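# let me see the structure of the following:
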Amino acid sequence: MMKLSRLLGLSMAILLGTAQAEEALDLLITNAQVVDGSGRAVYAADVGIRDDRIAFIGQWDEGGSVPAKQRIDARGRILAPGFIDLHAHGDPQKDAAFTNFLAMGVTSILLGQDGFGPVEDDYRQWQQQWEEQGSGVNIGMLVGHGSLRRALDIGNQKDLSEQQMQQMSAQLKRSLGSSFGLSTGLEYVPALYAKPQELVDLAQVVGKADRLIMSHMRNEDDNALFAAIDELAAQGKHARVHVSHIKSVYGKGAARGEQIIARLTELKQQGIEISADFYPYNASYTGIAILFPDWAKTGGQLKQVLPERRQELLEHLNARVSARNGPEATLFGSGPYQGLNLAEAAEKAGKPFAELLLDDIGPQGASAAYFIMDKALQGTLLEGPMVAISSDGSPTMYHPRGYGAFAKLIEQYVVNEARLSLEQAVHKATGLAADILKLPDRGRIAEGMKADLILFYPEKVKANADYNQPHKLASGFDWVIVNGQIAWQQSQPAARAGTLLLPEEH
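Got it, this is the predicted structure:
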C-alpha cells in the first residue's frame with residue numbers, strides 16, 4: 001500500500017511542478033510525504049508557512065531569492081494536518097498546556113461535551129479567562145443541554161412550561177453564535193429527564209443557526225441502541241446530528257457492527273445529516289452513577305429512597321454490574337478505590353460489591369472504566385464512512401484514551417492490523433472531522449488553510465498509556481505545529497499557540 005502510494009506521490013509532485021513563494025516564509029518543511037486529510041494518496045512535496053497559514057506547496061526552488069526564516073527537513077516523514085478531537089474534556093484554566101493532546105498529534109479539541117460546559121452568550125468572553133496563559137491547542141465549544149437546564153433553574157423537571165422552553169431556546173440561540181452546536185448527555189442528570197419534544201424544539205433552534213447536535217445518546221445498550229439512534233434522528237429532521245463515542249454495550253461481533261453502520265447509512269439516505277465519532281478502546285469511562293437506577297442517580301435522590309427501597313437497590317446493582325461483565329470489569333478511576341476494580345475494592349472493604357456501591361461510594365462518589373465492549377464490533381464501527389475519531393479524554397481522566405487514542409489509531413489500526421490505510425485514518429482524524437464541524441480552513445493541507453500540521457513516521461508512533469498507567473504521553477509525533485508555530489518538538493511543548501475556534505458565520 002505504502003509503495004504504491006509513494007509512486008502516486010511522485011506523480012503528484014511532478015504535477016505540482018517547481019514553484020516559489022512571493023514573500024519570505026516563516027517556516028519551510030522540506031522532503032515531506034504529504035497525507036493531506038482529504039483521503040487521496042500520499043505525495044511528495046515541500047510545504048511553506050507564512051504567519052498562521054499554508055502559503056506554498058510544491059518543490060522549493062533553492063535558487064530563488066525568497067528566503068525561509070526557519071526550516072524542518074522532514075526526511076521522508078508523513079506531513080499531515082493536525083488531528084481534530086471531536087469529543088474531548090478539560091479545563092483550559094487548569095490544563096492549558098494540554099500536552100496529552102499535543103503529544104498524540106491533536107491540534108484542536110471540542111469541549112462542552114455530554115451536555116455539560118460553561119453557558120455563555122459569547123464564548124469569546126469565556127476565552128478571556130484563559131487566553132493570557134495561552135492554550136496548547138485550539139479549542140471549540142458546544143453548548144451543554146444539561147448546563148442550560150441548570151443555568152435556568154429547570155434542573156430535573158420533566159414537564160417544562162412554555163416560558164421555560166422559550167427561555168432555554170433564547171439562551172441557546174445566543175450561545176450558538178460562538179459555538180459549534182448543542183451537546184446532550186441523555187444518560188446523565190438532568191438531561192435524562194428531558195422528553196423527546198423538548199429535544200426536537202431545541203433542534204429547531206440549532207438547525208436555524210446551521211449548527212450541530214452532538215449527543216451522548218439516551219441508551220448505548222445493544223437492545224436499546226437503535227431506539228436511541230432514532231430519537232436522535234428525529235432531531236436530525238431539523239439539524240445536523242452526531243453520535244458521540246459510538247458503541248454497543250453488550251453487542252457482539254462484526255455483523256452487529258455492520259448493522260449499526262447500515263442503520264446510520266439508511267438515515268443518511270433518508271436525508272438525515274448524521275455522523276459519529278469513535279475512540280479506539282473497549283472500555284468506556286464515566287461516573288459510577290451509570291450503575292444506579294434513574295430514580296437514584298444523585299446523592300439527594302439516594303438519601304430519599306434508601307430507607308424504603310434498600311433491597312431493591314441492592315438487587316438492581318447486583319444485576320446491573322453482573323450484566324456489565326461482573327465487578328472485575330469496573331475499574332475505579334477516582335475516589336477512595338482508584339486503581340482497583342470493583343471486585344478488589346469489595347474484597348478490601350470486606351463487604352459485597354453492591355453494598356460497597358450503595359453505602360460507601362454512592363452514585364456521585366467515583367468514576368470508573370467499564371470493560372463492556374466487543375473488539376470485533378467496535379472495530380467494524382471504526383470503518384464506517386461517517387465515523388470520525390475522538391478521545392473522549394482529558395489531561396486528568398484515569399483512562400488511557402486521553403493520552404493514546406490518536407496514537408493508537410495509527411499504531412494499531414494502520415501499522416499493526418492494516419485495517420485502515422494511512423490516508424483513511426488521517427482523513428477520519430482531520431478532513432472528516434472538519435467537515436462535520438463545518439470548519440472551512442482546517443483539517444486539510446492546501447494553500448490558504450490554517451497551518452495546523454504534524455510530522456511523524458507511522459511505524460514509530462506509540463500509544464504508551466494503558467489502564468495501569470493512563471497518563472503516559474504518546475510518542476512518535478516529532479513536530480506538532482499549531483497556527484504556524486511549533487507547539488511540540490522533541491517530546492516537549494514549545495509554544496502555546498492555540499486559539500478559540502469559531503463556527504462559520506451565516
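# and the helices in the stretch 151-300 of the chain?
Per DSSP state H, counting those that start in this stretch, the stretch 151-300 of the chain carries helices over the ranges 162-176, 196-208, 225-235, 254-269, 299-323.
# what comes up buried for the third one?
Of the residues in helix 225-235, those buried under the neighbour-count criterion (16 or more other C-beta atoms under 10 Å) are 225, 228, 229, 231, 232, 233, 234, 235. Quick note: C-beta positions are derived from backbone N, CA and C, even for glycine.
# now those residues as JSON lines including pLDDT?
Below are the buried residues of helix 225-235 laid out as JSON lines (pLDDT from 0 to 100):
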{"residue": "225", "pLDDT": "98"}
{"residue": "228", "pLDDT": "98"}
{"residue": "229", "pLDDT": "98"}
{"residue": "231", "pLDDT": "98"}
{"residue": "232", "pLDDT": "98"}
{"residue": "233", "pLDDT": "98"}
{"residue": "234", "pLDDT": "98"}
{"residue": "235", "pLDDT": "98"}
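# how about TSV for these, with distance to residue 75 added?
Shown next, in TSV, are the buried residues of helix 225-235 (distance: C-beta to C-beta, whole Å):
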residue	distance to residue 75
225	46
228	48
229	46
231	51
232	46
233	48
234	52
235	48
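# what's the farthest-apart pair in these?
Largest separation among these by C-beta to C-beta: 225 and 235, giving 16.3 Å.
# identify the residues contacting the closest residue to residue 120 other than its chain neighbours.
The shortest distance from residue 120 to any non-neighbouring residue, by C-beta to C-beta, 6 or more residues apart in numbering, is to residue 126 (4.8 Å). Contacts for residue 126 (C-beta atoms under 8 Å, 6 or more residues apart in numbering) come out as 118, 120, 141.
# test my guess that the last one contacts residue 176.
No. Between residue 141 and residue 176 no contact is recorded; they are 10.2 Å apart, counting by C-beta atoms under 8 Å.
# as JSON lines, the helices of the stretch 151-300 of the chain with distance to residue 136 would be great.
Output for those, formatted as JSON lines (distance: least, C-beta to C-beta, whole Å):
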{"stretch": "helix 162-176", "distance to residue 136": "25"}
{"stretch": "helix 196-208", "distance to residue 136": "29"}
{"stretch": "helix 225-235", "distance to residue 136": "32"}
{"stretch": "helix 254-269", "distance to residue 136": "33"}
{"stretch": "helix 299-323", "distance to residue 136": "35"}
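# closest to residue 505 out of those?
Closest of those to residue 505 is helix 162-176, at 11.4 Å (criterion: C-beta to C-beta).
# next, the angle from the closest one to helix 196-208.
If you take axes from the mean of the first three to the mean of the last three C-alpha atoms, to 10 degrees, helix 162-176 sits at 30 degrees to helix 196-208.
# low-scoring stretches of the stretch 401-506 of the chain, by residue?
Regions of the stretch 401-506 of the chain meeting the criterion pLDDT under 70 cover residues 506.
# now do the strands in it.
Assigned by DSSP state E, counting those that start in this stretch, the stretch 401-506 of the chain shows strands spanning 453-456, 477-482, 485-489, 492-493.
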